[in-house]
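Asks: Predicted model, plus sequence, below.
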Amino acid sequence: MANARAQKNLVQSPVAFVLEQVQILNPLMAPLWLAGLVALWRHDGGRYRPLAWAYLAILTLMVAGTGKAYYLTPFYPVLFAAGAVAFERSPVGRRVLPTLVVMALAVDVVLAPLAKPLLAEEIFIPYARRLGQDPRAGTDERLELGPLPQHLADQHGWPELARTVARVYERLPAEERRGACIFASNYGEAAAIDFFGPALGLPPAVSRHNGYWLWGPGDCDFSTVIVVGFAAEDVRDLVRSVDVADTVDCPYCMPFEHRPILVTHGLTVPRDVLWQRAKLYV
């Protein structure tokens, strides 16, 4: 999280973090989950109070660690369930709840395309603007953005990436192809190779990013590597030769995914040194 704070995430104030909780869960539903938090604290003489403490503790950790607002959302089913019970037990709550739910569902229908890929891109972008939303907003990261918000942009381009890498792999001489490996700059690219690659005859990917780094380089000796997600100048000092073999064109992807596919040969540093230098926890 320290790396993410320094290199990637936007740092929010505690107030902004809490307000974003209200926004992403539908503001009209805030009375329900807030009632749930109060109910967990007060009901049955505090029998369920540890759940309220757990929410407050995790909220504090997320704010202090500059986590993203959605990191906390898995807790809310507990609060919604407790809030529903609290509303049902209250005469006022029973009268208010049907109206609240109908209004919230109406808002959900309008806002659903902002959360899920329900509209084609050429419809979604003007739709978001008509709602007063920048279609590129909501990333919580200091990243260059394309025409779509990141959570939708990240659902584009993975099959195309795998097919492009497969074309590069098939063009390698047979003796190089037998020992070639695929090195991806981030876990999204690596996972795309691992998911779509077997049907295309590709070997598993290795990556420097988060859990992939922990899994190590496997049996890759880096004699011939198809490199995904780096510019040639990023790797030139680490290898004996580097060539641009292909490119991926993805207009709706995140801009940092618009990178060439490289083929490198040999290493100018020991493999273990390379792996330590490559580590990216962010």
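Replies: Arrived safely, thanks for sending.
Asks: right, and residue 237 touches residue 268 too?
Replies: Yes: contact criterion Cβ atoms under 8 Å: residue 237 and residue 268 qualify, at 7.0 Å. For the C-beta atoms, the positions are set from N, CA and C on the backbone; glycine is no exception.
Asks: Residue 212: neighbouring residues, count only.
Replies: 21 (other Cβ atoms under 10 Å).
Asks: The stretch 51-200 of the chain: helices as residue ranges?
Replies: 76-89, 91-115, 121-130, 150-153, 158-171, 174-179, 187-196 (DSSP state H, counting those that start in this stretch).
Asks: Which residue comes closest to residue 81 once chain neighbours are left out?
Replies: residue 36 (6.8 Å; Cβ to Cβ, 6 or more residues apart in numbering).
Asks: Assign a three-state SS to the one you found, would you?
Replies: Secondary structure for residue 36, judged by DSSP: H, G, I helix; E, B strand; the rest coil, is helix.
Asks: How many residues are close by it?
Replies: 27.
Asks: will you turn the helices of the stretch 51-200 of the chain into a markdown table that also has mean neighbour count and mean pLDDT?
Replies: Shown next, in a markdown table, are the helices of the stretch 51-200 of the chain (neighbours: other Cβ atoms under 10 Å; pLDDT from 0 to 100):
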| stretch | mean neighbour count | mean pLDDT |
| --- | --- | --- |
| helix 76-89 | 18 | 95 |
| helix 91-115 | 13 | 91 |
| helix 121-130 | 14 | 93 |
| helix 150-153 | 20 | 90 |
| helix 158-171 | 18 | 97 |
| helix 174-179 | 12 | 93 |
| helix 187-196 | 20 | 97 |
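Asks: Format those as TSV; extra columns: distance to residue 17.
Replies: Formatted as TSV, the helices of the stretch 51-200 of the chain follow (distance: least, Cβ to Cβ, whole Å):
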stretch	distance to residue 17
helix 76-89	14
helix 91-115	19
helix 121-130	23
helix 150-153	18
helix 158-171	31
helix 174-179	49
helix 187-196	25
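Asks: Of all those, which one comes closest to residue 41?
Replies: For the helices of the stretch 51-200 of the chain, proximity to residue 41 was assessed by Cβ to Cβ; helix 76-89 is nearest, at 9.7 Å.
Asks: ok, residues contacting that closest one?
Replies: 25, 29, 31-40, 43, 48, 51, 55, 93-94, 96-97 (Cβ atoms under 8 Å, 6 or more residues apart in numbering).
Asks: Tell me how far that helix lies from the chain's centre.
Replies: On the basis of Cα atoms, centre = their mean, to the nearest Å, helix 76-89 sits 29 Å off its chain's mean C-alpha point.
Asks: same check, this time on stretch 261-268
Replies: That offset, for stretch 261-268, works out to 28 Å (Cα atoms, centre = their mean).
Asks: Buried residues in that stretch, which are they?
Replies: 261-264, 267 (16 or more other Cβ atoms under 10 Å).
Asks: send the alpha carbons of it over as PDB?
Replies: Extracted C-alpha coordinates of stretch 261-268, given in PDB (Å, rounded to 0.1, in the frame of the first residue of the first chain):
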ATOM      1  CA  ILE A 261       5.200  -6.500 -28.300                       C
ATOM      2  CA  LEU A 262       9.000  -7.000 -28.100                       C
ATOM      3  CA  VAL A 263      11.300 -10.000 -28.600                       C
ATOM      4  CA  THR A 264      14.500 -10.000 -26.600                       C
ATOM      5  CA  HIS A 265      17.500 -12.300 -26.700                       C
ATOM      6  CA  GLY A 266      20.000 -13.000 -23.900                       C
ATOM      7  CA  LEU A 267      20.600 -11.200 -20.600                       C
ATOM      8  CA  THR A 268      23.300  -8.700 -19.700                       C
END
